[in-house]
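In: What follows is a predicted structure for the sequence shown.
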Amino acid sequence: GEDVEQSLFLSVREGDSSVINCTYTDSSSTYLYWYKQEPGAGLQLLTYIFSNMDMKQDQRLTVLLNKKDKHLSLRIADTQTGDSAIYFCAETTYSSASKIIFGSGTRLSIRP
Amino acid sequence: DAGVTQSPTHLIKTRGQQVTLRCSPKSGHDTVSWYQQALGQGPQFIFQYYEEEERQRGNFPDRFSGHQFPNYSSELNVNALLLGDSALYLCASSRGQGTYEQYFGPGTRLTVT
């Protein structure tokens, strides 16, 4: 079946790295995504990775994919107060086509 | 380059009424998908429109319908509103059917009383 799981909360000190984790159940995933949602706003596509890749780096963001364990992570280096938001892990699969399946989101809180 | 736009921003309706939400895709995009995001949840896929036809549908009742116009803009209609329809409705656009990059608008917050 299609299911994406994330932990609900993460608190990180400003300047440290944040690591947000996600697991998914469908082994036929095609793309895996990270979206960011700030209060009262829509979703911002941060980055995505094709399912045959292990890693993708984009400035402060690093995505790691462990396909064997169906585990995806997002690392944010040098976390800033502007990174406070809800982060959604999501996937598309061969059966879902272009329907994006989202997790429930991880709320990232930055402490001084 | 305008991104995805949605109107209205907020809407309050009474149970049993009907509502229409609107979406204009990002410039150069021809495919529109609609999602419902309940409070504290991730978005749930409602349906997708491409070439003015519904191409894919999620697990939503027939009370949810849509339309796509020749200029690629789209409407989401919900009939016989229920309290449980209160949510943020998000529109996403992409270039071509089945593409993996979908860009979201700011959403319409619907409250049903």
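Out: That came through fine.

In: Which strand residues bridge the closest residue to B:Leu81 other than its chain neighbours?
Out: Counting by C-beta to C-beta, 6 or more residues apart in numbering or on different chains, B:Val112 is the residue found nearest to B:Leu81 once chain neighbours are left out, at 4.8 Å. C-beta: built from backbone N, CA, C; applies to glycine. Beta-bridge pairing for B:Val112 (DSSP bridges): B:Lys13.

In: three-state assignment of B:Gly28?
Out: Following DSSP: H, G, I helix; E, B strand; the rest coil, B:Gly28 is assigned to coil.

In: What number of neighbouring residues does it come out with?
Out: Other residues within reach of B:Gly28, judged by other C-beta atoms under 10 Å in any protein chain shown, total 9.

In: OK, contacts around it?
Out: B:Arg95 (C-beta atoms under 8 Å, 6 or more residues apart in numbering or on different chains).

In: so what's the closest residue to chain B within chain A scoring on pLDDT?
Out: Residue nearest to chain B within chain A (C-beta to the nearest C-beta): A:Phe102, separated by 3.2 Å. Note for A:Phe102: predicted pLDDT of 95.

In: Equivalent analysis for A:Gly1, please.
Out: In the predicted model, A:Gly1 carries a pLDDT score of 56.

In: Please apply the same query to A:Tyr94.
Out: 77.

In: Touching, it and A:Ser28? I think so.
Out: Yes: counting by C-beta atoms under 8 Å, A:Tyr94 does reach A:Ser28; the two are 4.4 Å apart.

In: Dig out what A:Asn66 forms beta bridges with.
Out: Bridge pairing for A:Asn66 - DSSP bridges - gives A:His71.

In: Then A:Val19?
Out: A:Arg75.

In: Please apply the same query to the one 10 residues further on.
Out: For A:Ser29, the beta-bridge assignment (DSSP bridges) gives partners A:Thr93.

In: residues touching A:Thr79, list them.
Out: A:Thr79 sits in contact with A:12-18, A:108, A:110, where contact means C-beta under 8 Å, 6+ apart.

In: Which member of the residues you listed is positioned nearest B:Gln41?
Out: A:Leu108 (17.2 Å; C-beta to C-beta).

In: which element is the closest one on?
Out: Per DSSP states H and E, A:Leu108 falls inside strand A:106-111.

In: near chain A, which residues of chain B?
Out: Residues of chain B lying close to chain A (C-beta under 8 Å from any C-beta of the partner chain) are B:4, B:31, B:33, B:35, B:40-45, B:48, B:56, B:58, B:90, B:92, B:94, B:97-107.

In: pretty sure A:Leu10 contacts A:Ile20?
Out: Yes: with contact defined as C-beta under 8 Å, A:Leu10 reaches A:Ile20; the gap is 6.1 Å.

In: Could you name every residue contacting both of the two?
Out: Shared contacts of A:Leu10 and A:Ile20 (C-beta under 8 Å, 6+ apart): A:106, A:108.

In: and these two? which has more neighbours close in?
Out: Neighbour comparison, A:Leu10 and A:Ile20: the larger count goes to A:Ile20, with 22 against 17 (by other C-beta under 10 Å).

In: Could I get the contacting residues of that one?
Out: A:Ile20 touches A:6-7, A:10, A:34, A:73-74, A:76, A:87, A:89, A:106, A:108, counting by C-beta under 8 Å, 6+ apart.

In: Could you check how far it is from B:Val4?
Out: 25 Å (C-beta to C-beta, to the nearest Å).

In: Now the residue nearest to B:Pro25 when sequence neighbours are not counted: which helix or strand?
Out: Sequence neighbours aside, B:Ser93 is the residue nearest to B:Pro25 in space, at 3.3 Å (criterion: C-beta to C-beta, 6+ apart). Secondary structure from DSSP H and E places B:Ser93 in strand B:87-94.
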